[in-house]
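[1] no FASTA, just this:
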């Protein structure tokens with residue numbers, strides 16, 4: 001990318017912007033088609049995970065989560081699925097959702113765990129999904145318990 005950047009542009013600011021886009025702003029999702037979770041016209045583009053190893057790893061080890069991007073955990077059945085912030089590098093909002101796509105619980109601005117034992121977060125009721133979104137997403141978009149979300153592309 002460095003050679004292409006040098007060849008395509010003379011302006012160093014443009015190169016820095018391009019590099020920042022591909023490292024910070026480009027979506028988390030590597031799926032062939034876009035999948036998103038929306039409340040009215042506000043959407044989060046998500047990477048969907050449902051395999052056991054992906055459910056356990058989640059966003060661990062990643063450096064950043066761009067605005068309006070996230071990860072949707074899809075479980076095989078309803079349950080009280082618990083999450084922690086071990087090996088996380090940035091804060092997130094956790095939003096548990098039931099099988100009818102209503103918000104069950106919101107855990108806003110959960111910080112990375114810095115020492116054991118790590119706090120564990122769980123929903124107040126049974127959930128089928130958990131959406132991990134960028135820190136402050138729920139507050140900024142006025143999400144609340146009971147809101148109906150739309151899943152697009154699933």
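    It's in. Keep in mind it's a predicted model, so treat the numbers as computed, not measured.

[2] quick one: residue 122 from residue 56, how far?
    Computed as CB to CB, to the nearest Å, the residue 122 to residue 56 distance reads 16 Å. Placement of C-beta: from N, CA and C, glycine included.

[3] between the two, who's got more neighbours?
    residue 122 (17 against 9; other CB atoms under 10 Å).

[4] separation between that one and residue 54?
    19 Å.

[5] ok, now residue 99?
    Taking CB to CB, one finds residue 99 at 20 Å from residue 54.

[6] Kindly report the same for residue 135.
    22 Å.

[7] okay, those two: which has more neighbours?
    Set side by side, residue 135 and residue 54 show more neighbours around residue 135, with 17 against 14, by other CB under 10 Å.

[8] thinking that one is in contact with residue 93, fair?
    Yes: contact between residue 135 and residue 93 holds when scored by CB atoms under 8 Å: they sit 6.3 Å apart.

[9] Helices of the chain, start to end?
    For the chain, the helices defined by DSSP state H occupy 2-8, 12-20, 52-57, 137-140.

[10] least reliable of these going by mean pLDDT?
    Among the helices of the chain, helix 12-20 carries the lowest mean pLDDT, at a mean of 33.

[11] Show me what the lengthiest strand in the chain pairs with in its sheet, parallel or antiparallel.
    Ordering each strand of the chain by length in residues (DSSP state E) puts strand 69-79 first. Here strand 69-79 has these sheet partners by DSSP bridges: strand 42-49 (parallel), strand 127-134 (antiparallel).

[12] Now it: buried residues?
    Of the residues in strand 69-79, those buried by neighbour count under the rule 16 or more other CB atoms under 10 Å are 69-74.

[13] about what we covered before: tell me the most buried of the strands paired with strand 69-79?
    Compared across the strands paired with strand 69-79, strand 127-134 shows the largest average neighbour count, a mean of 24 (mean count of other CB atoms under 10 Å).
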